[in-house]
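[1] coords below, sequence missing:
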């Protein structure tokens, strides 16, 4: 049973920030280019935010804000019908980084599960 996520390290956050393709979001206050050029400054801050989130088992409300854009499902669909679209949510870059850190921990937990061998 997964009751709490293991803490992250500044090194892990640094690796995510420097190796992952991060796209700028319209909801970002901090430009991705500045985040990357000042990675040594922002790495411990993001690690601290992630660890607080993991310890409290909640995602910070400030990072739940997204820009939602409609995307046409297939070319040729009626552009006047809302059912022709699917929503795309653009989260902030920091939200995406924390999401990646959670994903790593969930994968490790799932792969270590004895239930996986029964499939």
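    Great, that's in hand. Everything numeric here is computed off the predicted structure, so don't read it as measured data.
[2] in the helix or strand where residue 106 lies, what counts as buried?
    In this assignment (DSSP states H and E), residue 106 forms part of helix 93-112. Using 16 or more other Cβ atoms under 10 Å as the burial criterion, the residues of helix 93-112 that qualify are 93-98, 100-102, 105. Placement of C-beta: from N, CA and C, glycine included.
[3] what does it rub up against?
    2, 5-6, 8, 12-13, 16-17, 20, 22-25, 28, 30, 32, 35, 46, 49-50, 53-54, 59, 63-64, 66, 91, 116 (Cβ atoms under 8 Å, 6 or more residues apart in numbering).
[4] just how off-centre is that helix within its chain?
    8 Å (Cα atoms, centre = their mean, to the nearest Å).
[5] also stretch 54-61?
    With Cα atoms, centre = their mean, you get 13 Å for stretch 54-61.
[6] which residue packs closest to residue 46, ignoring adjacent ones?
    residue 13 (5.0 Å; Cβ to Cβ, 6 or more residues apart in numbering).
[7] got it, and residue 9?
    residue 47 (6.5 Å).
[8] state the distance from the most centrally placed residue in the chain to residue 48.
    Central residue of the chain (Cα atoms, centre = their mean): residue 96, 2.3 Å from the mean position. As judged by Cβ to Cβ, to the nearest Å, residue 96 and residue 48 stand 17 Å apart.
[9] list the buried residues in stretch 16-25.
    Those would be 16-17, 22, 25, for stretch 16-25 by 16+ other Cβ under 10 Å.
[10] which elements pack onto the helix or strand where residue 33 lies?
    Applying DSSP H and E as the criterion places residue 33 in helix 32-37. Counting contacts by 3 or more Cβ pairs under 8 Å, 6 or more residues apart in numbering; DSSP states H and E, the secondary-structure elements packed against helix 32-37 are helix 10-19.
[11] kind regards, and thank you for your time.
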